[in-house]
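**Q** take this sequence and fold it.
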Amino acid sequence: MHATSHPEHQHPADHAVEHPDHPDHPDHAGHGSDDGVNTMALSATLHCLTGCAIGEILGLVIGTAIGLSTGWTIVLAVGLAFLFGYALSTLPLLRAGLGLGSALAVVLAADTLSIATMELVDNLVMALIPGAMDAGLVNPVFWVAMMIALTAAFFAAYPVNRHLLRRGKGHALTHGYHASGPVTGARRFIPDLSTATLVAAITAFMIGGLVVSAAEELGVGGGVHAAPAPGSVPAAVS
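**A** Next up is the predicted model:
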């Protein structure tokens, strides 16, 4: 067999590209079926989405806090979205034993198109929603618009990831590297963040932002604390 006579050819990324639909390879079980591809595309898209959401929100928070213009705030948010998107995909590869350079090379090839699609759609939707780009962080319009934009970005990137996976590209390039055995040494300290955990954390954060901003708009707690000066942080929030 190929695996026995040529052990040096077991490079996971090459294996994923050359045999994307081969049913006999355990590292890629299910890739040949639509259900398997759909499940992996869903996971890959959600994983990218969480990184993009972290970067987008952090970029907008920083841009607003230091008084950047709308244009520069978008640039910062997009840059951080790529940074966190790549970082979340790199961590499992480092945990599996790859060097930083090799891990980054795989992630750049695997996730760039997906993240770029998300960022394009996300920012386009935010620009089209009236008042979304100018809304402050303590404004329900911002959080509702962000939820709509990220949802649209997910549906835009899902078919992209599915198309790439069916051809052994995209997230398939990273799949073969994920650690399947015990993780030892310093690699044990690299965070093992599941997609479900990341999605739950981002969802909770955004719902929390929406609730706080809605409470501020409704003036909840106004009878207890004096009205804050314009631009200051309300005591009820801090």
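**Q** confidence score at residue 129?
**A** Looking at residue 129, its pLDDT reads 90.
**Q** what does residue 181 give?
**A** 65.
**Q** shaky segments in this structure?
**A** 1-33, 176-181, 220-238 (pLDDT under 70).
**Q** at 50 what do you get?
**A** The model of the chain has pLDDT under 50 over residues 1-31, 221-238.
**Q** quick check: longest helix in it by residues?
**A** If each helix of the chain is counted by residues according to DSSP state H, the longest one is helix 34-65.
**Q** got the buried residues for that helix?
**A** Across helix 34-65, burial judged by 16 or more other Cβ atoms under 10 Å covers 36-37, 40-41, 43-61, 63. Yep, even glycine has a C-beta here, placed from its N, CA and C like the rest.
**Q** tell me the helices and strands packed up against the helix or strand hosting residue 200.
**A** Using DSSP states H and E, residue 200 falls within helix 195-218. Secondary-structure packing of helix 195-218 (3 or more Cβ pairs under 8 Å, 6 or more residues apart in numbering; DSSP states H and E): helix 34-65, helix 140-166.
**Q** and the angle from the shortest one to helix 34-65?
**A** Interaxial angle, helix 140-166 versus helix 34-65 (axes from the mean of the first three to the mean of the last three Cα atoms, to 10 degrees): 140 degrees.
**Q** same for the next helix or strand after helix 140-166, what does it pack against?
**A** Using DSSP H and E, the helix or strand that follows helix 140-166 in sequence is helix 172-175. Helix 172-175 makes packing contacts with helix 12-18, helix 70-95, helix 100-128 when contacts are defined by 3+ Cβ pairs under 8 Å, 6+ apart.
**Q** including mean neighbour count, could these go into CSV?
**A** Shown next, in CSV, are the helices and strands packed on helix 172-175 (neighbours: other Cβ atoms under 10 Å):
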stretch, mean neighbour count
helix 12-18, 18
helix 70-95, 19
helix 100-128, 19
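**Q** find the nearest non-adjacent residue to residue 134, please.
**A** Counting by Cβ to Cβ, 6 or more residues apart in numbering, residue 134 lies nearest to residue 70, which is 7.1 Å off, once chain neighbours are set aside.
**Q** kindly apply the preceding question to residue 85 instead.
**A** Closest to residue 85 by Cβ to Cβ, 6+ apart is residue 51, at 3.4 Å.
**Q** residue contacts, the one you found?
**A** Residues in contact with residue 51 (Cβ atoms under 8 Å, 6 or more residues apart in numbering) are 81, 84-89, 115.
**Q** what about 6 Å?
**A** Going by Cβ atoms under 6 Å, 6 or more residues apart in numbering, residue 51 touches 84-85, 88.
**Q** including distance to residue 200, could the helices and strands packed on helix 195-218 go into a markdown table?
**A** Putting those into a markdown table (distance: least, Cβ to Cβ, whole Å) gives the following:
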| stretch | distance to residue 200 |
| --- | --- |
| helix 34-65 | 10 |
| helix 140-166 | 15 |
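**Q** among these, which is nearest residue 185?
**A** helix 34-65 (25.1 Å; Cβ to Cβ).
**Q** related to what we said a few turns ago, state the distance from the residue nearest to residue 85 to residue 167.
**A** 23 Å (Cβ to Cβ, to the nearest Å).
**Q** and residue 182, what is it in contact with?
**A** Counted by Cβ under 6 Å, 6+ apart, residue 182 has zero contacts.
**Q** which SS class is it?
**A** coil (DSSP: H, G, I helix; E, B strand; the rest coil).
**Q** how many other residues sit next to the closest residue to residue 139 other than its chain neighbours?
**A** Distance criterion Cβ to Cβ, 6+ apart; nearest residue to residue 139, sequence neighbours excluded, is residue 213 at 5.4 Å. A total of 21 residues lie near residue 213 under the criterion other Cβ atoms under 10 Å.
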